[in-house]
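Novice: no FASTA, just this:
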DNA sequence: TTACTAAATAGTATCTACTCCTATTTATGA
DNA sequence: TCATAAATAGGAGTAGATACTATTTAGTAA
Ligand SMILES: [Mn+2]
Ligand SMILES: [Mn+2]
Ligand SMILES: [Zn+2]
Ligand SMILES: [Zn+2]
């Protein structure tokens, strides 16, 4: 894929994001857009502090608190989500296409992957009868390539 | 199951735990045993502070730091584990039989369940070729019975 | 354009859940 | 019984998240 197509994708996503904000009655601020842009532009599952660092290149005065608040807001409106199972600090993901995560227990890196059988898992029956299931997550842990090669 | 059978189970588990400690070269201290006992005796997935509260009934002077350290140790030697996806504070689980977790996003409670298809998921193929997969987790989120009835 | 108002932000203070430090105690093996 | 390394208690320190408040600003309507 060429750069100008990437560019187009990004602009499309931002346009959709702004529409979503309007629908939810949220104002479109430069800070909000910049945080969103930083998050969708990476696949590293950054922390709030990492996002802060990125966004500061554009908006020099943005505060860490705003980044934290904004990331929570993105998760609330479904424009992003927190990555499961990483403890502190929280890591965020702006990739909304269906995928799963592998986390290296040695270096902590999170690898995206997609494995079809992990989508559309059946709901368990009786056991959780009264519960409304909103999300099913599969995640894997282990040693990444580099860390397998370099046993501690 | 009757009380004396429960009792027997617990004593058996503690004996196994002590054996495991010896194998790992860990000393068997009253604090360690008490923390383990408290954890295996509940299905509430308690926090360190909750465990601390429980254990204090037996060992009045035990410190929160010791509880935290001990819970980490239990996880390290495989006598317990941290519950995935709950953020802070961490929640611990002493139930080692295969099971999965449902977490209510409203009240935060964690419900144990077991659904056979969630065991023995296949490993994804090429995508994670270089990685050593040590653990596969399925976890569900949604609204528990009580919280479904009481929409905010 | 201008003016208004509620929402959002920056900067800082506070809080929570650990994690580290050190003197003291204790489990274990000789 | 004794020696010694491991573990603990209690408190200090830390990271990350959250709350607070004065100021700024996006959105709307005159
Ligand atoms: Mn991802
Ligand atoms: Mn459990
Ligand atoms: Zn690694
Ligand atoms: Zn609930």
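Specialist: Nice, I can see it. These figures come from a predicted structure and were not determined experimentally. Ligands and ions are numbered 1, 2, ... in the order given.

Novice: hey, let's count contacts and neighbours off CA atoms from now on
Specialist: Noted.

Novice: Wait, residue A:114 touches residue A:98, no?
Specialist: Yes. Contact criterion CA atoms under 8 Å: residue A:114 and residue A:98 qualify, at 7.3 Å.

Novice: in what helix or strand does residue A:68 lie?
Specialist: helix A:64-76 (DSSP states H and E).

Novice: neighbour-wise, which of residue A:114 and residue A:98 wins?
Specialist: residue A:114 (16 against 11; other CA atoms under 10 Å in any protein chain shown).

Novice: Residue A:132 contacts residue B:147, doesn't it?
Specialist: No. Taking contacts as CA under 8 Å, residue A:132 lies outside contact range of residue B:147: 9.2 Å.

Novice: residue at max distance from the center of chain A?
Specialist: residue A:126 (32.2 Å; CA atoms, centre = their mean).

Novice: For ligand 4, see how far away that residue is.
Specialist: 18 Å (CA to the ion, to the nearest Å).

Novice: Bridged to the most centrally placed residue in chain A, which residues?
Specialist: With distances taken as CA atoms, centre = their mean, residue A:93 lies nearest the centre of chain A, 0.7 Å away. Applying DSSP bridges to residue A:93 yields these beta-bridge partners: residue A:81.

Novice: Report the contact partners of it.
Specialist: Applying CA atoms under 8 Å, 6 or more residues apart in numbering or on different chains to residue A:93 gives the contacts A:39-40, A:43, A:45-46, A:80-83.

Novice: Would you mind measuring from it to residue A:106?
Specialist: Going from residue A:93 to residue A:106 by CA to CA, to the nearest Å gives 21 Å.

Novice: Report pLDDT for residue A:3.
Specialist: Note on residue A:3: pLDDT of 62.

Novice: same question, residue A:24
Specialist: pLDDT at residue A:24 comes out at 97.

Novice: Need the nearest residue in space to it, chain neighbours excluded.
Specialist: Among residues not flanking residue A:24 along the chain, residue A:77 sits closest, at 7.6 Å (CA to CA, 6 or more residues apart in numbering or on different chains).

Novice: Backbone dihedrals for the residue in chain A that ligand 4 sits nearest to, please?
Specialist: Of all residues in chain A, residue A:131 sits closest to ligand 4, at 8.7 Å by CA to the ion. Backbone torsions for residue A:131, taken as degrees, to the nearest 10, come to phi -90, psi 150.
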